[in-house]
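Novice: Quick one: sequence plus predicted model below, questions after.
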Amino acid sequence: MEKSELLLYIKTFIGLCRPIGIPIGIITMLAAIVSANGFSLSILPIATLVTLVSFYVGFAPNDYFDSETDENNPRKGGIQGEVVDQRKEMIAKWVTIFSIISAFILSLILPRTASIALIILTILSLMYSAPPIRLKGRPFLDSFVNFLMAYATFAIGVGLTGASFSDIIPGAMWFSLIYGGGGHALAAVMDYQPDKRADITTIAVESGKKIPIALFQLSILLALALEAWSQETKIFLLLTFHGLTLAALKPQREHIERLVYIGTAIMMIYGTIWIYLRI
């Protein structure tokens with residue numbers, strides 16, 4: 001194997017887990033563990049491993065089955081997702097298979113709740129990306145599946161402590177709805193042009209760019225109205241709402257992408273503070 005080919009395989013392997021999201025994934029897993037009063041240094045290795053497997057399970061099938069449409073998506077081809085061309089098709093296929101097998105092997109040794117949640121996450125990911133079901137491109141339903149996947153991810157963290165589904169804090173449902181379902185809808189806004197050219201019916205293609213953003217904001221308002229939040233969480237949700245207002249005023253991909261990067265950095269700071277205050 002030539003050096004250039006080896007480097008291509010390594011780059012593809014790393015890209016298939018969407019590395020830009022790994023820090024948020026680890027923070028989410030730790031927040032779930034802390035919420036169940038189960039934090040300890042000894043749980044960090046398995047939490048990190050499960051996070052990585054979850055990301056590969058969640059994103060590798062998506063990049064593999066989206067190979068044709070991703071070629072025309074300017075967001076893909078780096079830390080936001082791998083463009084799987086003919087040179088990368090075989091490794092993407094095997095990484096996808098290996099990630100699914102790894103998830104099921106892990107489910108045999110994890111505590112019951114974490115095991116069930118990981119299996120649910122794996123099934124949802126395949127339902128979203130893989131034919132013949134392939135829920136991607138079915139407006140609202142695709143965002144709903146992403147909400148469920150986000151919730152399953154949080155449930156895995158709670159389950160690692162030995163806790164059950166009934167121990168999941170109510171805020172996890174709201175955050176999964178807002179940043180899982182709503183975040184997916186916002187991504188559809190950024191991918192409006194390539195999805196439209198590829199004849200993929202997303203919520204943005206079907207209803208325009210501003211409706212998904214408005215629904216994202218509505219979910220934040222409902223969360224603020226119906227749930228009791230800590231002060232730092234209220235501030236974070238309001239900052240997200242303000243960022244979405246800026247996105248609605250100028251719903252172009254480059255502008256929203258910059259806002260997403262800023263929002264991701266703020267989320268990491270918020271998540272770290274939230275965890276620190278509860279350890």
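Specialist: Arrived safely, thanks for sending.
Novice: Going by C-alpha atoms from here, please, whenever you check contacts or count neighbours.
Specialist: OK.
Novice: So for stretch 47-63, mean pLDDT?
Specialist: Mean pLDDT, stretch 47-63: 94.
Novice: Which residues belonging to it are considered buried?
Specialist: 47-48, 50-63 (16 or more other C-alpha atoms under 10 Å).
Novice: Any chance you could list what contacts that stretch?
Specialist: 16-18, 22, 25-26, 29-30, 70, 81-84, 92, 95-96, 99-100, 102-103, 106, 118, 121-122, 125-126, 128-130, 153, 157, 160 (C-alpha atoms under 8 Å, 6 or more residues apart in numbering).
Novice: In helices only, show me those residues.
Specialist: 22, 25-26, 29-30, 70, 92, 95-96, 99-100, 102-103, 106, 118, 121-122, 125-126, 128-129, 153, 157, 160 (DSSP state H).
Novice: now stretch 102-118: how far from the chain's centre is it?
Specialist: Centroid separation between stretch 102-118 and its chain, computed with C-alpha atoms, centre = their mean, to the nearest Å, is 19 Å.
Novice: And that stretch, end to end?
Specialist: Length of stretch 102-118, first residue to last, C-alpha to C-alpha, to the nearest Å: 11 Å.
Novice: can you pull the buried residues of it?
Specialist: Going by neighbour count (16+ other C-alpha under 10 Å), the buried part of stretch 102-118 is 102-104, 106-107, 110-118.
Novice: Show me the helices in this protein, by range?
Specialist: Using DSSP H, helices in the chain cover 3-15, 22-35, 44-65, 67-70, 89-107, 112-129, 141-160, 170-175, 182-190, 192-197, 203-207, 210-226, 231-249, 253-278.
Novice: Flag whichever of those has the least confidence on average.
Specialist: For those, where the average pLDDT is lowest is helix 67-70, sitting at a mean of 64.
Novice: Serialize the helices of the chain to CSV and add fields for distance to residue 135.
Specialist: Conversion of the helices of the chain to CSV gives the following (distance: least, C-alpha to C-alpha, whole Å):
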stretch, distance to residue 135
helix 3-15, 23
helix 22-35, 23
helix 44-65, 11
helix 67-70, 15
helix 89-107, 18
helix 112-129, 4
helix 141-160, 6
helix 170-175, 21
helix 182-190, 13
helix 192-197, 14
helix 203-207, 12
helix 210-226, 17
helix 231-249, 25
helix 253-278, 23
